[in-house]
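Participant: generate coordinates for the sequence data below:
(one chain, ligands or ions: 2)
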Amino acid sequence: ASRSFHPDNSTVQLPHSKISADTFTIMAGPCSVESEDHIRRMAEIARLGGASVLRGGAFKPRTSPYTFQGLGEKGLRYLRKAADENGMDVITEVMDETHVALVAEYTDVMQIGARNMQNFSLLKSVGKTSVPVALKRGMAASIDDLLNASEYIASGGNTDIILIERGIRTFDHKYTRNTFDVAAVPVLQKLTHYPVIVDPSHAVGFRDLVAPAAYAGTAAGASGMIVEIHDHPEKAVSDGPQALKPNDYLTMTKRAAALRKCM
Ligand code: PEP
Ligand code: MN
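Facilitator: Residues are numbered from 1 along each chain as shown. Ligands and ions are numbered 1, 2, ... in the order given. Okay, the predicted model is just below:
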């Protein structure tokens, strides 16, 4: 991961997107794939806002085992179809080593969630594939922990890695779900050649705070963002309180794109 080993910025190339130091990629979609029709509508909105990558969880790492756990393979199929119909790439989470081959069949980027950042057998397993991996910072992980986790992927041969700052746990999680460590963006860029993006949705947890965090991440020089959207967040099966409504998403992405041009 170190720049001393690899001085030049690395690029992750997907069929419809490029994630690199000099590009800005928007990944957007609902927290979970909810139905075929819903993910199709969300893909259209995501694309309108300039997203080239569609997000949606089919295997969900829920805090409680009694809440919605995802549609599984059916969800992967709906997500792939919605992305293909809109000329977009797919990012989705793989939670378990035994699902890597299945998820790899449907996705362009495998997301490793914050809760699995140090699931070393999962990291080794995605490291043996040739599918790009987006690694989220664990909620109690230091920057060195994140970089070491990325080594578990790279040491298997897969160096198509994107790092995601998604907020860390601090003493106050009443007003923000996590604490957005925006300085992690330039720190990581100094230390590593991998592209760094931000996840303002999980970082702050409440819809009215998502746009300010997204602008901060953009201004800090991130290579893009991954953001949750929903047309009826009150009915969302997961993470409704942090989902941007379509119009707010469209305003936010327009402003972020303008901000990025000033950087
Ligand atoms: C998600 O992307 O929906 C998710 C569960 O994210 P994190 O792993 O950052 O909590
Ligand atoms: Mn979510």
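Participant: quick one: contacts for the residue in the stretch 151-263 of the chain that ligand 2 sits nearest to?
Facilitator: Nearest residue of the stretch 151-263 of the chain to ligand 2, counting by C-beta to the ion: residue 239, 3.8 Å away. The way it works is simple: take the backbone N, C-alpha and C, and place the C-beta from them, glycine included. Counting by C-beta atoms under 8 Å, 6 or more residues apart in numbering, residue 239 makes contact with 31-32, 201-202, 228.
Participant: out of these, list just those in strands.
Facilitator: Those of these mapping onto strands are residue 228, per DSSP state E.
Participant: ok, the contacts of residue 239 vs residue 177, which is closest?
Facilitator: Nearest to residue 177 among those is residue 202, at 6.9 Å by C-beta to C-beta.
Participant: number of nearby residues for the closest one?
Facilitator: Per other C-beta atoms under 10 Å, the neighbour tally for residue 202 reads 26.
Participant: quick check: it touching residue 178?
Facilitator: Yes: in this structure, residue 202 is within contact of residue 178 by C-beta atoms under 8 Å, at 6.6 Å.
Participant: and for the two, which residues touch both?
Facilitator: Joint contacts of residue 202 and residue 178 (C-beta under 8 Å, 6+ apart) are 166-167.
Participant: tell me where the chain has helices.
Facilitator: Secondary structure of the chain by DSSP state H: the helices cover 36-48, 73-85, 100-106, 120-127, 143-154, 184-191, 200-204, 207-219, 246-262.
Participant: do the shortest one and ligand 1 meet?
Facilitator: The reference is to helix 200-204. Yes: with C-beta under 6 Å from any ligand atom as the criterion, ligand 1 is reached by helix 200-204 at residue 202.
Participant: what packs against that helix?
Facilitator: helix 207-219, strand 224-228 (3 or more C-beta pairs under 8 Å, 6 or more residues apart in numbering; DSSP states H and E).
Participant: I'd say residue 249 and residue 29 touch.
Facilitator: No: assessed by C-beta under 8 Å, residue 249 is found out of contact with residue 29, at 10.4 Å.
Participant: so what pLDDT did the residue of the stretch 151-263 of the chain closest to ligand 2 get?
Facilitator: At residue 239, the model reports a pLDDT of 97.
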